[in-house]
Structure formats: C-alpha cells, structure tokens
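Colleague: structure for the following, please:
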Amino acid sequence: MQIGAYPAIDWDAIDEISETPRVCQFIPVDSPWHRLFDLAHTPSYRELLVEFLLSFTFHPPGSA
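Modeller: Model (predicted):
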C-alpha cells in the first residue's frame with residue numbers, strides 16, 4: 001500500500017541553511033506540532049494513518 005509522502009520536518013536540512021530559529025518560532029521544539037511531524041518517522045505512523053482513515057466519518061454542519 002502506498003500512502004504517499006509523509007509530512008515530516010527535515011531538521012538537518014533546516015539547520016544546514018541556518019533557519020532553525022525561524023522555524024522554531026512557528027513549530028517550537030517539544031510542542032504538539034513538533035511531535036506530530038516527528039511521528040511520521042516512526043514505523044507505527046502508517047498503521048495509525050490507515051486506522052484513522054478507515055474510522056473517520058465527516059458530517060458537514062447542518063447535515064443529518
């Protein structure tokens with residue numbers, strides 16, 4: 001199964017161009033967003049994503 005590219009932050013690339021302080025203004029280290037992006041590197045990410053997609057149901061506001 002191919003799910004596509006994983007949303008992750010390449011901190012080494014950001015550090016290489018000296019933009020780490022600027023990125024950390026938007027995504028602080030050890031914040032929920034930082035942990036979410038780092039989750040993409042774990043083996044369980046695909047399993048969690050598939051489980052979410054299989055169980056998610058969207059009901060627009062005002063629909064029955």
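Colleague: where in the protein is pLDDT low?
Modeller: Across the chain, the ranges flagged by pLDDT under 70 are 1-8, 40-41, 45-46, 64.
Colleague: quick one: the helices in it, in order.
Modeller: Listed in chain order, the helices of the chain (DSSP state H) span 11-16, 20-26, 32-39, 44-55.
Colleague: need these in JSON lines (columns: mean neighbour count).
Modeller: C-betas here are computed from N, CA, C, even on glycine. Written out in JSON lines, the entries for the helices of the chain read as follows (neighbours: other CB atoms under 10 Å):
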{"stretch": "helix 11-16", "mean neighbour count": "11"}
{"stretch": "helix 20-26", "mean neighbour count": "11"}
{"stretch": "helix 32-39", "mean neighbour count": "13"}
{"stretch": "helix 44-55", "mean neighbour count": "11"}
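Colleague: could I get these in JSON lines, plus columns for distance to residue 62?
Modeller: As requested, those are exported to JSON lines (distance: least, CB to CB, whole Å):
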{"stretch": "helix 11-16", "distance to residue 62": "42"}
{"stretch": "helix 20-26", "distance to residue 62": "34"}
{"stretch": "helix 32-39", "distance to residue 62": "30"}
{"stretch": "helix 44-55", "distance to residue 62": "23"}
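Colleague: burial of residue 10, as a residue count?
Modeller: By other CB atoms under 10 Å, 9 other residues sit near residue 10.
Colleague: from residue 36, how far off is it?
Modeller: 15 Å (CB to CB, to the nearest Å).
Colleague: what of residue 19?
Modeller: For residue 19, the distance to residue 36 - CB to CB - is 20 Å.
Colleague: repeat for residue 23
Modeller: Separation of residue 23 from residue 36 (CB to CB): 15 Å.
Colleague: excluding sequence neighbours, find me the nearest residue to the residue nearest the centre of the chain.
Modeller: Centrality entry for the chain: nearest residue to the mean C-alpha point is residue 37, 3.4 Å, by CA atoms, centre = their mean. Spatial nearest neighbour of residue 37, excluding adjacent residues (CB to CB, 6 or more residues apart in numbering): residue 9 at 4.7 Å.
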